[in-house]
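Engineer: Compute the structure for the input listed below.
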Amino acid sequence: MTAAGSEQGRANRRAPIALSAGRGAPPAVGEASGEHFGGERVEVDTALLRRLASVCAEVDTTGAGRAEAGRDWWPLALHWALQGEVPALPAAVARPGSVEEVSAVARLCGEHDIPLTTSGGRSGVCGAAVPVFGGIVLDTTSLSGLLEVDDESLLVDVAAGTFGTSFEEELRAGHGLTVGHLPQSIDLATVGGWVACRGAGQYSTRYGKIEDIVAGLEVVLASGEVVRTGALAGAGPRSAHGPDLTQLFVGSEGTLGIVTAARLRAHVLPPAETRLAFGFESFLAGLEALRRTLRRAATPAVVRLYDEREARRSFALDTNLLIALDEGDGRIVEAATGILSEECAAVGAAELDDDLVGQWLARRNDVDALESVVRAGIVVDTIEIAAPWSALPVIYTEAITRLNELEGCLAASAHESHAYIDGACLYFTFAGRGPDPPDEAQKEAFYRAAWSAVMAATESHGGSISHHHGIGLVRGPYLAGALGGGFAVLESLKRALDPAGILNPGKLGLSSPFGPSPWQLGATAP
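Structural biologist: The predicted structure is shown next:
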């Protein structure tokens with residue numbers, strides 16, 4: 001990877017909010033902001049930093065570099081940033097320019113029992129990129145670029161540190177292809193991040209989530225060994241080569257290995273597009289129309305159903321709003337949108353102006369509003385879950401009720417954003433301040449209570465605690481309950497692949513040799 005490519009990748013990264021000077025006097029030039037988390041922190045001495053610099057092209061030990069590497073887009077941490085604090089501080093940020101350098105960094109950290117936290121664009125909202133025990137942050141953004149395109153097989157190879165927008169633009173302009181993975185965070189996130197958190201794009205009903213798109217991975221293990229899985233290991237489509245090792249690393253959030261490249265399935269650019277919008281008397285009626293549509297095997301690329309609160313806030317409409325967009329071969333698009341229209345009419349929906357879809361497209365990746373809300377002292381977050389169609393109505397109703405019952409809750413709403421034949425994703429939004437007048441501890445208590453409310457409603461009715469944001473720190477306390485006996489299998493895999501426990505410790509609720517996760521210490525799981 002060239003130096004210019006590294007600089008371009010870093011330029012794409014955007015901080016969620018500026019770090020304040022802190023509670024007291026401004027920090028001296030070059031010093032990092034303070035840590036919010038207490039607990040154990042692994043220091044890295046000068047001699048080891050020198051060794052790190054000998055195996056990695058770029059090592060950053062500046063205060064500013066370390067502070068930015070100590071946080072991601074976790075909404076609660078934005079409040080800490082206003083106090084001049086980040087969740088945690090690494091001793092250094094390593095920016096390897098090759099897979100060989102990634103391997104050397106992993107071996108060095110393993111030899112000296114140093115925590116190694118991998119990060120890309122740091123666009124995650126669950127604290128997955130936070131180096132909670134210090135150590136080294138491995139920044140993948142110098143591993144960037146489209147590597148190879150097989151147009152006949154519709155397979156593309158891409159380096160893990162490539163930002164989504166530049167990847168998609170190059171694929172479209174140079175090859176007439178798309179992978180169809182278009183998340184809201186596409187400007188901020190890297191391909192490796194998509195894989196690490198099992199992400200979903202906004203067009204997932206047509207193209208699938210990242211686990212459906214990825215055909216193979218290149219991964220560096222904690223030992224420094226480089227392994228290739230799936231299509232990158234020579235496997236053909238739908239091969240029966242035993243368990244699918246690619247899926248072992250998808251969603252593992254850097255705890256089992258470091259993703260350095262991916263082979264993804266692509267599609268030719270769609271020649272046709274159709275947009276639709278409908279209004280429903282109730283949110284549950286909208287869910288029923290979507291259930292019937294997917295039951296008939298129609299998969300419009302985008303089907304987003306907003307409850308009345310969200311439709312009023314985002315579109316100034318007093319209705320439960322469905323916006324839909326499909327793209328692809330004209331005959332397929334016509335069939336899918338025709339079925340959707342029939343099923344919406346069957347539950348009494350009113351057809352609305354499809355300009356509403358254009359309004360969503362114009363601002364679908366806008367994240368600027370978050371900072372102004374945080375600066376107003378309001379605690380806000382989104383919680384996405386997934387569930388079968390049979391459980392979605394009761395989870396929606398119960399979660400909204402539980403949120404509204406919390407002291408200090410200002411708003412609670414939801415929308416459906418990804419639909420499949422067996423169920424869909426519900427995306428809850430809450431805002432509040434805690435008791436009045438709230439202090440920082442009360443804000444955090446309200447935040448934890450809101451998460452507990454939605455997790456409880458989800459788990460009690462057989463839903464999944466995450467659809468595409470991943471686990472990180474926030475959902476860590478809930479994962480053992482969600483996986484049941486499978487959590488012990490995950491722990492065994494962690495010990496087998498990372499016996500020293502150096503890879504992204506403190507995440508996924510996994511035990512760590514460095515101590516308990518600082519976030520889990522105060523958590524209340526249902």
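Engineer: residues contacting Trp279?
Structural biologist: Rather than Trp, residue 279 is Gly. Counting by CB atoms under 8 Å, 6 or more residues apart in numbering, Gly279 makes contact with Leu317, Thr319, Asn320, Leu321, Leu322, Ala349, Ala350, Leu352. (Glycine included, C-beta is placed from N, CA and C.)
Engineer: could you flag which of the residues you listed are buried?
Structural biologist: Leu317, Thr319, Asn320, Leu321, Leu322, Ala349, Leu352 (16 or more other CB atoms under 10 Å).
Engineer: Return the residues in contact with the closest residue to the last one other than its chain neighbours.
Structural biologist: Going back to what we said before, that points to Leu352. With CB to CB, 6 or more residues apart in numbering as the criterion, Leu352 has its nearest non-adjacent residue at 4.1 Å, and that residue is Ala277. By CB under 8 Å, 6+ apart, the contact list for Ala277 reads Leu321, Leu322, Ile323, Ala324, Glu351, Leu352, Asp353, Asp354, Leu356, Val357.
Engineer: mind checking how far the helix or strand hosting the second one is from the chain centre?
Structural biologist: If I follow you right, that is Leu322. Secondary structure from DSSP states H and E places Leu322 in strand 320-328. The chain centre lies 23 Å from the centre of strand 320-328; the measure is CA atoms, centre = their mean, to the nearest Å.
Engineer: and for the following helix or strand past it, what are the contacting residues?
Structural biologist: Counting by DSSP H and E, the next helix or strand C-terminal to strand 320-328 is helix 330-346. Residues from elsewhere that reach helix 330-346 (CB under 8 Å, 6+ apart): 270-274, 276, 278, 280, 289-290, 292-293, 296, 298-300, 303, 322, 324, 326-327, 351.
Engineer: Out of those, which end up buried?
Structural biologist: 270, 274, 276, 278, 280, 289-290, 292-293, 298-300, 303, 322, 324, 326-327.
Engineer: Low-confidence bits of the chain, can you list those?
Structural biologist: 1-12, 21-32, 38-39, 521-526 (pLDDT under 70).
Engineer: tell me the domain ranges of it?
Structural biologist: Segmentation of the chain into domains, based on automatic domain parsing, reads 3-139, 146-233+243-268, 272-363, 369-459.
Engineer: Could you dump the ones you listed into JSON lines with distance to Leu479 added?
Structural biologist: Formatted as JSON lines, the domains of the chain follow (distance: least, CB to CB, whole Å):
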{"stretch": "domain 3-139", "distance to Leu479": "11"}
{"stretch": "domain 146-233+243-268", "distance to Leu479": "11"}
{"stretch": "domain 272-363", "distance to Leu479": "27"}
{"stretch": "domain 369-459", "distance to Leu479": "10"}
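Engineer: Please name whichever of those domains is nearest to Arg495.
Structural biologist: domain 146-233+243-268 (10.6 Å; CB to CB).
Engineer: end-to-end on that closest one?
Structural biologist: End-to-end distance of domain 146-233+243-268: 17 Å, with CA to CA, to the nearest Å as the criterion.
Engineer: Stretch 218-236 now?
Structural biologist: End-to-end distance of stretch 218-236 (CA to CA): 16 Å.
Engineer: show me what contacts Ala350?
Structural biologist: Applying CB under 8 Å, 6+ apart, the residues contacting Ala350 are Phe278, Gly279, Thr319.
Engineer: ok, so of the residues you listed, who is nearest Pro388?
Structural biologist: Using CB to CB, those come closest to Pro388 at Phe278, 23.0 Å.
Engineer: any idea how far the nearest residue to that closest one once chain neighbours are set aside is from Leu155?
Structural biologist: Spatially, and ignoring its direct neighbours in sequence, Phe278 is nearest to Ala349 (4.1 Å; CB to CB, 6+ apart). With distances defined as CB to CB, to the nearest Å, the gap from Ala349 to Leu155 amounts to 40 Å.
Engineer: thinking again about what came up before, what is the nearest of the buried ones among the contacts of Gly279 to Ala450?
Structural biologist: Asn320 (22.6 Å).
Engineer: ok, now which ones touch the closest residue to that closest one other than its chain neighbours?
Structural biologist: Distances taken as CB to CB, 6+ apart place Phe280 nearest to Asn320, at 4.2 Å, with adjacent residues excluded. Shown in contact with Phe280 (CB under 8 Å, 6+ apart): Gly286, Ala289, Leu305, Thr319, Asn320, Leu321, Leu322, Cys344, Val347, Gly348, Ala349.
Engineer: quick one: the helix or strand that contains the first one to strand 320-328, angle?
Structural biologist: When you say that, I think you mean Gly286. According to DSSP H and E, Gly286 maps onto helix 283-295. Angle, helix 283-295 to strand 320-328, by axes from the mean of the first three to the mean of the last three CA atoms, to 10 degrees: 20 degrees.
Engineer: Could you tell me which residues make contact with Leu177?
Structural biologist: Contacts of Leu177 by CB under 8 Å, 6+ apart are Val149, Asp151, Leu154, Val156, Leu171, Ala266, His267, Val268, Leu269.
Engineer: Tell me the buried residues within those residues.
Structural biologist: Judged by 16+ other CB under 10 Å, buried ones among these: Val149, Val156, Leu171, Ala266.
Engineer: now the strands for the stretch 51-200 of the chain?
Structural biologist: Ranges of strands in the stretch 51-200 of the chain, per DSSP state E, counting those that start in this stretch, are 59-60, 85-86, 92-94, 116-119, 136-139, 146-150, 155-159, 177-178.
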